[in-house]
Each structure stands twice: as structure tokens, then as C-alpha cells.
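In: Here's a sequence, model it:
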Amino acid sequence: MASADPARAMPANAFTPSVYRVARRRRELAGVVTLELAPLSGAPPAFAPGQFNMLYAFGVGEVAVSMSGAASDTDTFVHTVREVGAVSRALGQLRPGATLGVRGPFGTAWPVAAAAGTDVLIVAGGLGLAPLRPAIRAILAERARYGRVTILFGCRNPGEMLYRSELAQWRRRFDVDVEVTVDHAEPGWRGHVGVVPALIAQAEFDPRETTALVCGPEIMMRFVLSALRERGVADEHIYLSMERNMKCAIGLCGHCQFGPAFICKDGPVMRYDAIAGIFTVREV
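Out: Prediction:
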């Protein structure tokens with residue numbers, strides 16, 4: 001019998017990609033595009049916030065990209081792609097109607113259900129907001145199940161602010177605390193200036209009853225971890241998305257080995273107490 005948990009079930013297309021078409025395309029930032037993908041027939045499989053797909057640009061190659069749409073959307077997969085290599089650039093150039101291959105969903109998920117009843121602190125840096133977006137949408141869809149919800153987001157400058165309109169919508173809500181900071185201000189910017197870990201000291205949450213979800217560059221996550229631990233958040237209540245070097249998604253190639261774990265199978269979402277011994281070790 002197949003697992004009822006989409007984050008634990010092996011996808012039917014684990015080895016062979018299914019063909020999808022680009023239903024919609026939206027330019028987010030320079031070098032960043034969001035693609036909505038629909039299967040040529042039927043509906044895409046269910047996924048859990050935090051999981052990823054392998055996207056295959058025909059004739060170019062394959063790359064791992066996290067889900068960035070709502071898990072409640074049963075018609076399409078949504079992926080926000082930064083164009084940094086040959087494969088991601090090819091994906092970014094696809095237009096509506098173009099086809100690509102999709103394998104997945106793969107990996108572990110954010111503890112959206114387990115966090116019910118606790119304060120939730122979401123910390124994102126740059127494009128790290130994309131893998132957290134499905135969790136944010138799921139939490140806000142059932143807002144009454146959670147305590148205080150706080151979203152802290154940082155980027156290099158206002159021009160690199162991902163999902164600007166959605167961030168504005170979240171900030172207008174009375175049941176969510178949203179703070180945005182930039183490393184470098186521009187004329188007209190009236191918000192915080194500085195790194196996102198600095199916002200943690202002023203954030204309002206009960207550290208004894210808080211679930212923290214963190215995604216961003218590893219150097220940023222290191223400083224976030226330090227700030228969270230200074231506030232008294234327990235290691236077992238901190239979750240990180242460790243997206244790096246995933247090539248096969250099924251633990252065969254070894255590219256994503258992280259100590260004794262494989263990011264594609266044991267992650268990308270990992271509880272900090274499970275990886276604390278190796279997270280700070282250089283070259284791991």
C-alpha cells in the first residue's frame with residue numbers, strides 16, 4: 001500500500017521524468033522567473049511544503065528546484081528558478097506552451113502540522129523565501145491553529161525583493177508579523193537596513209514554544225542559528241532547508257552527501273539537532 005504521506009512516498013516517476021508544459025510564466029526579478037507547470041494529462045501528484053522536483057530541460061540537463069506554490073493547488077506545480085547555470089537558464093527561457101521533464105516530488109517537508117499550537121518563526125534570506133512560501137501559505141490558510149506567526153525576510157537591496165506584492169499582502173494582515181530588511185538601502189527605502197539575523201532579537205515569540213523554519217544562504221543560516229539559540233529556541237525546534245548539490249534525487253549519485261546523510265533523501269528540510277554536529281564543519 002502506498003504511503004499516505006507525500007513527503008515519504010517514492011514518486012512514480014522517480015527514475016523517468018514525466019512531460020509537463022509551461023502553463024504560465026512570470027518574471028520575478030532580473031535572473032529569476034516563476035514557472036507554473038501542468039502535466040500533459042491528469043493532475044500532478046500531491047506534495048508537501050518543503051519538497052522539491054527535478055526539472056529537466058530537454059537537451060540540456062536536470063536541476064533540483066523546490067516547490068514554491070501552495071500544496072492545495074492540485075492543478076500545477078509552481079517553481080521559482082534563479083538563472084545561474086546552463087540548465088536553470090534554459091528553464092528560465094521557456095515560454096507558455098513549452099515542455100520540460102519533471103521527476104518528483106522528492107524529499108522531506110516543513111513540519112507544518114507538527115507546529116500547530118506553537119508560535120511559528122519563519123526566517124528567509126533572498127531566494128530562500130521560495131521554498132518557505134508553500135509553508136507560509138499553508139499556515140496562513142489555517143491561521144487559527146497556530147500561535148504568533150512571524151515572517152522575517154532579508155535581501156541585498158529593495159530591487160531584489162522576491163514576491164514583493166505577496167509580502168505586502170502578508171504585512172497588511174493583523175494576525176501576522178512581517179519584517180523586511182535589506183543589506184543596502186536605496187533612495188526611498190524606509191524599512192530596516194541590516195542583515196536578517198539582527199531582526200530576531202526584536203521579534204516577539206515565546207522561545208520555549210516556538211517552531212523556527214529557516215532557509216537562505218548557509219552563511220546567513222549560521223548567524224540565524226546563533227541568534228535563535230541566544231533567544232533560547234531549542235535545537236530540536238529549528239528546521240533548515242539544506243538545498244545543495246542534489247543531482248539524482250534518490251540517493252544514488254552521492255553528490256549531496258552531508259556527513260552520514262543524503263540531502264535528497266534525508267532532507268532538504270532537516271531538524272537542526274540532527275545535523276548540529278556537522279553543520280558548522282567546513283568542507284562537509
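In: Only C-alpha atoms from now on, for both contacts and neighbour counts.
Out: Fine.
In: Quick check: pLDDT value at residue 108.
Out: pLDDT for residue 108: 96.
In: Then residue 5?
Out: 55.
In: Would it be right to say that residue 228 lies in a strand?
Out: No - Residue 228 sits outside any strand when classified using DSSP: H, G, I helix; E, B strand; the rest coil, being helix.
In: Run a quick neighbour tally on it.
Out: A count of nearby residues for residue 228, using other C-alpha atoms under 10 Å, gives 20.
In: cool, residue 176 as well?
Out: Per other C-alpha under 10 Å, the neighbour tally for residue 176 reads 16.
In: quick one: buried residues of whichever strand in the chain runs longest?
Out: Longest strand of the chain, by residue count under DSSP state E: strand 18-29. Buried residues in strand 18-29, counted by 16 or more other C-alpha atoms under 10 Å: 18-25, 28.
In: tell me what that strand is packed against?
Out: If you count contacts as 3 or more C-alpha pairs under 8 Å, 6 or more residues apart in numbering; DSSP states H and E, strand 18-29 packs onto strand 32-39, strand 99-106.
In: Can you list the strands that it pairs with?
Out: Partner strands for strand 18-29, per DSSP bridges, with pairing direction: strand 32-39 (antiparallel), strand 99-106 (antiparallel).
In: Out of those strands, which is the most enclosed?
Out: Of the strands paired with strand 18-29, the one with the most neighbours on average (mean count of other C-alpha atoms under 10 Å) is strand 99-106, at a mean of 24.
In: Please point out which parts of the helix or strand just after that one sit buried.
Out: Per DSSP states H and E, the first helix or strand lying C-terminal to strand 99-106 is strand 119-125. Across strand 119-125, burial judged by 16+ other C-alpha under 10 Å covers 119-125.
In: out of the helices and strands packed on strand 18-29, nearest to residue 132?
Out: Taking C-alpha to C-alpha, strand 32-39 is the member of the helices and strands packed on strand 18-29 nearest to residue 132, at 14.6 Å.
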